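Novice: here are the coordinates; sequence isn't available:
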């Protein structure tokens, strides 16, 4: 993989072998940009430059996506809770879902707030659940583990499929 | 918020106050569903039931989204690296981006692999960078912190806006 990438004569802003970063460099700080701002003379940033996010960071963009996802999950949770115990509220929620997109979680909650007094209570419940889910239930370590595994597995699979394909030609 | 939610007579499958979960319960296990499968008799799951994900978990779905996001970030990084040092490869990447969607990162890489021998090297570089970015550069703790802050801030803002709106009517 290294030799293939090298043929493109790419600038070596990052070591080509991800599994062996330069940890032996004592000046290597993992999150230096944010933690070291009180000691600017010791600032060392070995991170890859990620353009195109304006003032926001990739982390902020990913958090925004997760935020909408948590609203989606909260709606699922509340719907499941209501289905057996409060069919009337469940119907109201489903009917509202048909008319409003869940792509923007905050916009969804804001519209629900203004729909009726019953919907307001439903929106409050969804907001309460998304907060509890994000803070207590969502398995953050598992997300990290799964995402890392997914990248490794996908890279292996893509290369294997390609090699198999050209070896059968 | 608690009293408002309570008027809907929702089943109490989860404590209504997210900031004070039942930590004093010694049988409370945070990730019981996956870690305790070798000791089924000690299984206690206080988590909210999240329906609608089939066999996948919400974490797996979120990881899949992040996986595509990492491919997007890797393309941005590689493009920025190429722009000054290898304008020809940069042009090829941009031209390929115009024709192929980045929504599905793996599909994007698979197509790039088969485009030409130069594109294959580009795809290998993108796959290498997304792996390094996910494992070394992406600030996972920061993501968690930002997502939690976003939920709290959004909930406060939505309620404040609504209260201001009805108090001005």
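Specialist: Okay, I see it. Predicted, not measured: the structure shown is a model, and the values here were computed from it. Residues are numbered from 1 along each chain as shown, chains lettered A, B, ... in the order given.
Novice: nearest residue to residue A:79 other than its sequence neighbours?
Specialist: If the residues on either side of it in the chain are set aside, residue A:79 comes closest to residue A:93, at 5.7 Å by Cβ to Cβ, 6 or more residues apart in numbering or on different chains. Heads up, the C-betas are built off the backbone N, CA and C, glycines and all.
Novice: correction: the previous question concerned residue A:154.
Specialist: Leaving aside its sequence neighbours, residue A:154 sits nearest to residue B:106 (Cβ to Cβ, 6+ apart; 5.2 Å).
Novice: wouldn't that neighbour be in contact with residue A:156 here?
Specialist: No: judged on Cβ atoms under 8 Å, residue B:106 makes no contact with residue A:156 at a distance of 11.5 Å.
Novice: out of those two, which sits in the more crowded spot?
Specialist: residue B:106 (18 against 11; other Cβ atoms under 10 Å in any protein chain shown).
Novice: mind checking how far the nearest residue to residue A:65 once chain neighbours are set aside is from residue A:143?
Specialist: Ranked by Cβ to Cβ, 6+ apart and with sequence neighbours excluded, the top spatial neighbour of residue A:65 is residue B:65, at 6.3 Å. Using Cβ to Cβ, to the nearest Å, one gets 10 Å for the distance from residue B:65 to residue A:143.
Novice: re the thing from before, so after the helix or strand harbouring the residue nearest to residue A:65, what's the next helix or strand?
Specialist: Per DSSP states H and E, residue B:65 falls inside helix B:58-85. Next along the chain after helix B:58-85, taking DSSP H and E as the criterion, comes helix B:87-99.
Novice: angle of the next helix or strand after that following helix against helix B:87-99?
Specialist: Using DSSP H and E, the next helix or strand after helix B:87-99 towards the C-terminus is helix B:105-115. Counting by axes from the mean of the first three to the mean of the last three Cα atoms, to 10 degrees, helix B:105-115 points 120 degrees away from the direction of helix B:87-99.
Novice: pLDDT (mean, whole number) over helix B:105-115?
Specialist: Averaging pLDDT along helix B:105-115 gives 94.
Novice: what packs against it?
Specialist: Packed against helix B:105-115, as judged by 3 or more Cβ pairs under 8 Å, 6 or more residues apart in numbering or on different chains; DSSP states H and E, are the following elements: helix A:140-167, helix B:58-85, helix B:117-132.
Novice: so, low pLDDT: which residues of chain A?
Specialist: Applying pLDDT under 70 to chain A picks out residues A:1-45, A:55, A:169.
Novice: switch to 80 and redo it
Specialist: A:1-49, A:52-55, A:168-169 (pLDDT under 80).
Novice: and the residue nearest the centre of it?
Specialist: residue A:62 (4.1 Å; Cα atoms, centre = their mean).
Novice: thanks a lot, catch you later.
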